[in-house]
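J.: need a 3D model of the following:
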Amino acid sequence: MATFGTLSDRLTETFKNLRTKGKLSASDVDGTVREIRRALLDADVSLDVVKSFTATVRERALGDEVNRALNPAQQVVQIVNEELVGILGGQQRRLQFAKTPPTVIMLAGLQGAGKTTLAGKLAKWLKKDGHTPMLVAADLQRPNAVNQLQVVGDQAGVTVFAPEPGNGVGDPVRVAKDAIAQAQRAQHDVVIIDTAGRLGVDAEMMKQAADIRKATNPDEVLFVIDAMIGQDAVTTAKAFQDGVDFTGVVLSKLDGDARGGAALSVASVTGRPIIFASTGETLDDFEPFHPDRMASRILDLGDILTLIEQAQQAFDEEEAMKVAEKIASEQFTLEDFLAQMQQLRGAGSIKKMLGMLPGAGGMKQQLENFDEREIVRTEAIIQSMTPAERKNTKLLNGSRRLRIAKGSGMTVTDVNQLVQRFEQAAKMMKTVARGGVPQIPGMGPIPGGGGHGGGKRQSAKNKRKSGGSRSGNPAKRAAENAAIASGQVPAGASNAPAGSGFGLGGAGAQGAPSEEEMAALQKMLGR
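T.: Numbers count the residues shown, from 1 in each chain. As a prediction, this is how the structure comes out:
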């Protein structure tokens with residue numbers, strides 16, 4: 001989602017100015033629409049799309065649905081969200097499969113748009129869904145394009161049909177036709193044809209793509225477009241639509257840091273839906289495109305549905321129930337902790353998943369500083385332990401910790417910190433599993449926290465000591481009693497708890513938790 005980062009920041013900042021207003025005037029609406037227009041133009045969205053979008057938003061924002069709303073600012077955000085969904089294509093459109101296999105999918109686009117890599121991503125995604133795809137090397141112009149597709153096919157674990165060496169040798173139309181016959185013989189139910197691209201739109205390229213389409217009669221023609229090319233996206237899309245025509249769009253390089261106007265323009269200008277999005281460099285960085293979810297991400301409203309789907313794919317529900325039982329019965333070990341971390345890594349980039357949470361735009365600095373390699377280091381430490389040590393951390397004496405540190409390439413301090421964080425986390429999870437409220441380092445007892453009744457005992461203790469100092473040092477006791485008598489120190493203050501119910505009491509500047517306590521909390525929560 002880096003592509004929409006700047007646009008998201010601009011729009012979020014614009015809506016902040018509306019939240020303090022109980023009622024919106026025409027000037028408030030005009031000012032907001034003007035900022036939205038500037039943000040979209042800066043993001044390289046097509047001028048025609050921007051004009052249509054802002055006109056609709058202004059008309060609706062001045063209508064009765066906003067004037068009668070209890071919170072006009074939220075209503076305007078809702079309007080902008082709905083209109084963004086509209087220009088992104090409205091409803092999600094799925095791939096259309098042939099009634100009689102094989103389903104033929106042809107990829108088209110400029111050179112450098114990422115067609116070959118995307119062919120592998122699509123094939124791997126289809127394979128996970130139970131299909132048996134076959135890649136076809138019909139790009140015989142670009143140097144080493146055939147070899148690249150074979151490498152990508154090996155990584156995806158799918159068959160590659162490449163009868164010609166490429167590098168200018170071979171007839172791509174014949175290769176495409178032969179591939180369909182081969183797929184029928186080998187019972188592949190999907191054929192993905194990787195076609196040639198050029199650095200720019202030209203007649204020869206269009207003719208070759210049109211000939212392949214005519215010869216294979218594909219069920220889907222997917223136009224692969226680089227989300228980072230800006231205004232040229234619209235011109236290129238129109239040229240391909242006129243020369244070859246396509247049934248859907250695939251956005252590549254959505255993880256780039258460009259302005260991303262292509263994504264907001266191409267569906268609206270061509271009338272063709274965006275079906276998939278490529279969000280990274282690995283073959284797993286690929287997902288169906290949901291206009292409503294993308295609009296929510298742009299407006300920093302989060303994408304909880306995609307987050308849930310990724311978690312469901314990575315986590316085993318039966319295994320999760322077993323872990324919950326272990327936590328409640330105090331049998332949760334480092335072995336279980338390691339398994340949970342490995343499942344979390346299997347769900348994809350943790351930084352990306354955190355970015356799907358509502359309000360993630362306000363945590364941009366923290367997300368940028370988040371080091372996913374910390375999980376790898378933690379795994380290395382746990383994997384350097386023996387099975388017995390993972391099950392019982394009390395076995396970890398000094399010599400064992402030194403051995404683990406050397407085996408994992410870490411320090412003894414790192415091992416100590418991991419064990420401490422694990423024990424704290426296990427204690428907190430046990431408290432939560434039993435319906436209590438955990439005590440967090442740096443914060444005092446939480447009212448109604450349950451658990452051990454520490455708050456009541458502390459309160460009774462304070463009452464017993466409220467009459468004066470109970471210090472065992474006579475000189476110190478006399479000084480403290482004198483301070484209490486003069487009103488400089490409230491009675492019982494010397495024995496007050498380290499923090500109030502909200503973590504505001506205790507030592508330190510203004511009673512705030514110390515830097516060490518905050519660092520410990522961050523580490524315990526997984527940094």
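J.: and stretch 39-55, what's buried?
T.: Applying a neighbour-count criterion of 16 or more other C-beta atoms under 10 Å, the buried positions in stretch 39-55 are 39-40, 43-46, 49-50, 53-54. Placement of C-beta: from N, CA and C, glycine included.
J.: same list, these, but as JSON lines with pLDDT please.
T.: Compiled in JSON lines, the buried residues of stretch 39-55 are given as follows (pLDDT from 0 to 100):
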{"residue": "39", "pLDDT": "83"}
{"residue": "40", "pLDDT": "83"}
{"residue": "43", "pLDDT": "78"}
{"residue": "44", "pLDDT": "77"}
{"residue": "45", "pLDDT": "81"}
{"residue": "46", "pLDDT": "80"}
{"residue": "49", "pLDDT": "85"}
{"residue": "50", "pLDDT": "87"}
{"residue": "53", "pLDDT": "88"}
{"residue": "54", "pLDDT": "90"}
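J.: inside helices: which ones of these?
T.: Secondary structure assignment (DSSP state H) places 39-40, 49-50, 53-54 from those within helices.
J.: of these, closest to residue 26?
T.: The shortest gap between residue 26 and any of these belongs to residue 54, at 14.7 Å (C-beta to C-beta).
J.: pretty sure that closest one contacts residue 33?
T.: Yes - the pair residue 54 and residue 33 passes the contact test of C-beta atoms under 8 Å, sitting 5.2 Å apart.
J.: got a list of contacts for the helix or strand hosting residue 389?
T.: When elements are defined using DSSP states H and E, residue 389 is found to belong to helix 387-391. Taking contacts as C-beta atoms under 8 Å, 6 or more residues apart in numbering, the residues outside helix 387-391 that touch it are 333-335, 338, 382, 395-396, 400, 404.
J.: how about it: buried residues?
T.: Going by neighbour count (16+ other C-beta under 10 Å), the buried part of helix 387-391 is 389-390.
J.: what is the nearest of the buried residues of stretch 39-55 to residue 299?
T.: The nearest member of the buried residues of stretch 39-55 to residue 299, counting by C-beta to C-beta, is residue 39 at 11.3 Å.
J.: which residues in the stretch 101-250 of the chain form strands?
T.: Secondary structure of the stretch 101-250 of the chain by DSSP state E, counting those that start in this stretch: the strands cover 103-108, 133-137, 159-161, 190-194, 220-226, 248-252.
J.: what's whichever helix or strand comes after the last one packed up against?
T.: In other words, strand 248-252. With elements assigned by DSSP H and E, the helix or strand that comes after strand 248-252 is helix 261-270. Packing contacts for helix 261-270, counted by 3 or more C-beta pairs under 8 Å, 6 or more residues apart in numbering; DSSP states H and E, involve helix 47-61, helix 72-87, strand 220-226, helix 232-243, strand 248-252, strand 274-278.
J.: low-confidence stretches in the stretch 201-350 of the chain?
T.: 230-231, 255-263, 300-331, 343-350 (pLDDT under 70).
J.: if we go to 80?
T.: Confidence mapping of the stretch 201-350 of the chain against pLDDT under 80 gives the ranges 201-202, 205, 227-234, 253-264, 280, 294-332, 335-350.
J.: on that earlier part again, could I get the contacts of helix 387-391 as TSV with distance to residue 98 and secondary structure?
T.: Supplementary listing: these in TSV, determined by distance: C-beta to C-beta, whole Å; DSSP: H, G, I helix; E, B strand; the rest coil:
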residue	distance to residue 98	secondary structure
333	51	coil
334	51	helix
335	48	helix
338	45	helix
382	48	helix
395	61	helix
396	60	coil
400	61	helix
404	56	helix
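J.: distance to residue 111 for the helices and strands packed on helix 261-270 - can I get that in CSV?
T.: What follows is the helices and strands packed on helix 261-270, written out as CSV (distance: least, C-beta to C-beta, whole Å):
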stretch, distance to residue 111
helix 47-61, 26
helix 72-87, 28
strand 220-226, 10
helix 232-243, 12
strand 248-252, 13
strand 274-278, 16
